[in-house]
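**Student:** Starting from these lines, generate the structure:
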Amino acid sequence: MSYRHNRQQMNIARSATPRLIARERGLSLGGFTLRMSRSADCHVVDAVGLRTETQVQSPGRQRMEVTDAEKRQVWEAYRAGKPVRVPVTFGVNPRVVLLDPEWNPRGFAFEEYWHYPRVLAEVQLKFLQYQVEVLNRYSDSPTGWPGRVDFSIDVQNVTDSAYFGGELEFREGQVPDVSRPLAGPDKHRTFSVDIDHPMDNPFVKESLRRHDELTRLLPRLSFRDVHLGVRPVVWGFDGPLTVATNLGGSNLYVDAYEDPDYVRRLLEFITRGVIIRNRAMHEHFGLKAFGGPKGSMADDSIELISTEMYRELVLPCHRRYLSQWSVEGPHSIHLCGDATRHFPTIKEELHVMSFDTGYPVDHGELRRALGPEVEIQGGPEVMLLKDRTAESVYERTRAILESGVMEGGRFILREGNNLPPGCPEANLEAMYRACLEHGRYG
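**Tutor:** Okay, the predicted model is just below:
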């Protein structure tokens, strides 16, 4: 089932949808309530009765406890260049609860989450609960509830594609996607987007409207004495080739051989447009874009091309974007998929010194290719975490840690990449336990 982004055709009336309407005293969130507040006072979280240490235990194994102080020491030692153990983190977003019936018993769809601020608040607080009660037990994040939570205008992975003309689509049981406006005969359509006036862009205006609606709702909400806020709407960059692929589909790669000048022009147009947009949106919220020397970006679709084509068509755009911070960096990049053949080029040409990986990755070979000084983030494949046994996860994690990737002390263990809904807790525990037992230095 596919839903086009047309609010006049949604037939989801705000006044007629009972589950989207706050009760007289608050929104029900399963085990807790998002209550309407009569004051804007901020309070420190009352941690009485909350878990203050992580207890990790597998059947037949002695329980291991990791305190918040020990977790903090792991991160401090890593950042000081004197690691004591590989740190563990998770990359995750609200889809992990939205697409999991156990955590989304009321069955909210992404379309409702996108359009209704009350639903967004409910889902993101449920996501916070998942992080506190599950993920933080099996990673080096602190336990307990935070003192402040900032809601975000979640746009998943459609930010750049929708900005450049992709029509938003909601498919049942999936994250939002966009149409492929350049897949037909009018492949030059994107060039009609007015990149010089980003604040007039329909997708930007819609995102700012969502931000304003959520901000107006905020004074009426409270949760566990946690101070609630709303983050500014500022975006990064999914990468020029990934955006062009989202817009043009497989036709883009035919053009890469038959009409490379068109592809080069398209990638340069996308990159220039994102730079102008990101600067304008930061300024809208009184912020400075591209601050400091260290930049970051992504571009997953480079896994689809050769290193020669990467150098010719994509590398100049990556260089232009990262140079908005500085030429020397050091920069960071997220690259899922089979893209590690490009990593040495990216390191040398762009001064990228931190790689966030997905799969497939030979972690030991990647360490040998990049050297001991480069940060690598990665770990067990997400589908292994979701569908295999805890023993399989433990052994895979152990093999990664023993592959040589720990050489130099610049490895962060995480799922590869972005935790999916429905991962058994036993598998998350197995990954953490493997790091506690095999990820220590010295």
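**Student:** what about the closest residue to residue 187 other than its chain neighbours, how many neighbours?
**Tutor:** Once flanking residues are discounted, residue 187 sits nearest to residue 248: 6.6 Å by C-beta to C-beta, 6 or more residues apart in numbering. Heads up, the C-betas are built off the backbone N, CA and C, glycines and all. By other C-beta atoms under 10 Å, the residues close to residue 248 number 22.
**Student:** what's the spacing between residue 311 and residue 297?
**Tutor:** Distance, residue 311 to residue 297, using C-beta to C-beta, to the nearest Å: 17 Å.
**Student:** Who has more neighbours out of these two?
**Tutor:** residue 297 (23 against 14).
**Student:** any idea which element that one lies in?
**Tutor:** strand 296-298 (DSSP states H and E).
**Student:** That strand: partners in the sheet, and parallel or antiparallel?
**Tutor:** strand 331-335 (parallel) (DSSP bridges).
**Student:** Name the residues that touch the partner strand?
**Tutor:** If you take C-beta atoms under 8 Å, 6 or more residues apart in numbering as the criterion, strand 331-335 is touched by 294-300, 302-303, 322, 325, 342-343, 346, 350-358, 375, 417.
**Student:** How far off centre is that strand?
**Tutor:** 13 Å (C-alpha atoms, centre = their mean, to the nearest Å).
**Student:** Quick check: what element follows it along the chain?
**Tutor:** Assigned by DSSP H and E, the successor of strand 331-335 is helix 343-350.
**Student:** which secondary structure elements does that next one contact?
**Tutor:** Under the contact definition 3 or more C-beta pairs under 8 Å, 6 or more residues apart in numbering; DSSP states H and E, helix 343-350 sits against helix 315-322, strand 331-335, strand 352-357, helix 363-370.
**Student:** Could you export the ones you listed to JSON lines, including columns for mean neighbour count and mean pLDDT?
**Tutor:** Listed next are the helices and strands packed on helix 343-350 as JSON lines, based on neighbours: other C-beta atoms under 10 Å; pLDDT from 0 to 100:
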{"stretch": "helix 315-322", "mean neighbour count": "20", "mean pLDDT": "98"}
{"stretch": "strand 331-335", "mean neighbour count": "23", "mean pLDDT": "98"}
{"stretch": "strand 352-357", "mean neighbour count": "21", "mean pLDDT": "98"}
{"stretch": "helix 363-370", "mean neighbour count": "18", "mean pLDDT": "98"}
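**Student:** For residue 198, find the nearest of these.
**Tutor:** Of all the helices and strands packed on helix 343-350, helix 315-322 sits nearest to residue 198, with 15.4 Å by C-beta to C-beta.
**Student:** Alpha carbons only: can I get that closest one in CSV?
**Tutor:** The C-alpha atoms that make up helix 315-322 are tabulated as CSV, following Å, rounded to 0.1, in the frame of the first residue of the first chain:
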residue,chain,number,x,y,z
LEU,A,315,35.0,13.0,-5.1
PRO,A,316,35.0,16.7,-6.2
CYS,A,317,31.5,17.1,-4.6
HIS,A,318,32.6,15.5,-1.4
ARG,A,319,35.6,17.7,-1.3
ARG,A,320,33.5,20.8,-1.9
TYR,A,321,31.1,19.9,0.9
LEU,A,322,33.6,19.0,3.6
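**Student:** How about residues contacting it?
**Tutor:** With C-beta under 8 Å, 6+ apart, helix 315-322 has contacts from 237, 239-240, 267-268, 270-272, 274-275, 295, 297, 299, 329, 331, 345-346, 349-350, 352.
**Student:** hmm, 10 Å instead?
**Tutor:** 236-237, 239-241, 244, 264, 266-272, 274-275, 278, 290, 294-297, 299, 302, 307, 309-310, 327, 329, 331-333, 342, 345-346, 349-352 (C-beta atoms under 10 Å, 6 or more residues apart in numbering).
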